[in-house]
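Q: what's the 3D shape of this:
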Amino acid sequence: MTDMETEFRITRLNNAYVQCIDEDRLEEWPGFFLEDGKYVIFPRENYDAGLEGYWMYCANGAMMRDRVKALRGVNVYNIHYDRHLLSNVVVQGEEDGVFDVRSNYAIVQTDVEGRCHMFSTGQYRDKVVEENGGYKFKEKIVIVDSFNIDRPLAIPF
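A: Numbers count the residues shown, from 1 in each chain. Coordinates of the predicted model:
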């Protein structure tokens, strides 16, 4: 497979990932990761300083599935619709079958009254591997540009 084909397939993985979240198919969200895959949301200040202070941490698929169960049955949060804008998906390199991928995101939220606002912007720093003819995230680190978001952080980015 050529580098261009690999980048195209990894871009499709990222597009399918954000579409899954935007369409509230959260039960499918853990399936984008290896079973031992990791998902973390950091504010940029903490990430840049090397601090462990994160907003969401899932060390594996079981933790991700538990997160979805909590969202569906226990947690109370503002009802809203998300729309991810994804850009500049770039494969930075590959080592031992693990692709280092960067992309930018912006999330616009619309509340049930129709008001839209920018919820979050930042960068995805992904480790992607090929598995059974497809691609999955070994790691997705979300680095949020701002330390402050004005609504509850409930669902994954």
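
Q: And the strand or helix carrying residue 16, what does it pack against?
A: Residue 16 belongs to helix 3-22 when elements are defined using DSSP states H and E. In terms of contacts (3 or more Cβ pairs under 8 Å, 6 or more residues apart in numbering; DSSP states H and E), helix 3-22 is packed against strand 80-95, strand 98-111, strand 116-131, strand 134-144. (Each C-beta comes from the backbone N, C-alpha and C, glycine too.)

Q: What ranges in this structure fall below the confidence cut-off?
A: 1-2, 75-77, 149-154 (pLDDT under 70).

Q: how about 80 then?
A: The model of the chain has pLDDT under 80 over residues 1-2, 74-79, 146-155.

Q: Go ahead and measure how far the helix holding residue 16 is from the middle of the chain.
A: 12 Å (Cα atoms, centre = their mean, to the nearest Å).

Q: between that helix and strand 116-131, how big is the angle?
A: Calculated by axes from the mean of the first three to the mean of the last three Cα atoms, to 10 degrees, helix 3-22 forms an angle of 130 degrees with strand 116-131.
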